[in-house]
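>>> here you go, sequence then predicted model.
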Amino acid sequence: MVRIEDTVWCDSCGVEITWVPLVVNERDYCCEDCYKGFACECDQRMEDENRRGRKSPGTAGIDNW
């Protein structure tokens, strides 16, 4: 488990976990797939969440989707 000023990183894929992690044997995982050793899509989830929060200049209140 790596923590930098309250930042939590997945012990399997390394994605930054900004939600409640799955904790097993004192290790943090971003999802059940990572815990089981499968490939996950949490990095894509983070990218999508970041994109939703951004607004272009002059588009107040309008999402960029």
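All right, it came through fine.

>>> what is the rounded mean pLDDT of stretch 44-54?
What stretch 44-54 shows for mean pLDDT is 66.

>>> next one: stretch 27-40
The average pLDDT within stretch 27-40 is 95.

>>> contacting residues around that stretch?
The contact list for stretch 27-40, computed with CB atoms under 8 Å, 6 or more residues apart in numbering, reads 1, 8-13, 15, 17, 19, 21-24, 42. Placement of C-beta: from N, CA and C, glycine included.

>>> can you dump the C-alpha atoms of that stretch in CSV for me?
C-alpha atoms of stretch 27-40 as CSV (Å, rounded to 0.1, in the frame of the first residue of the first chain):
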residue,chain,number,x,y,z
ARG,A,27,-3.7,-4.2,0.8
ASP,A,28,-5.8,-1.7,-1.2
TYR,A,29,-7.4,-2.6,-4.5
CYS,A,30,-9.4,-0.4,-6.9
CYS,A,31,-11.8,-3.1,-7.7
GLU,A,32,-12.6,-6.8,-7.3
ASP,A,33,-11.0,-7.6,-10.7
CYS,A,34,-7.6,-6.2,-9.5
TYR,A,35,-8.0,-8.2,-6.3
LYS,A,36,-8.5,-11.4,-8.3
GLY,A,37,-5.6,-10.6,-10.6
PHE,A,38,-7.6,-9.8,-13.7
ALA,A,39,-7.3,-6.7,-15.9
CYS,A,40,-9.5,-3.8,-14.8
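
>>> for it, which positions count as buried?
28-31, 33-35, 40 (16 or more other CB atoms under 10 Å).

>>> biggest separation within these, which pair?
D28 and D33 (14.1 Å; CB to CB).
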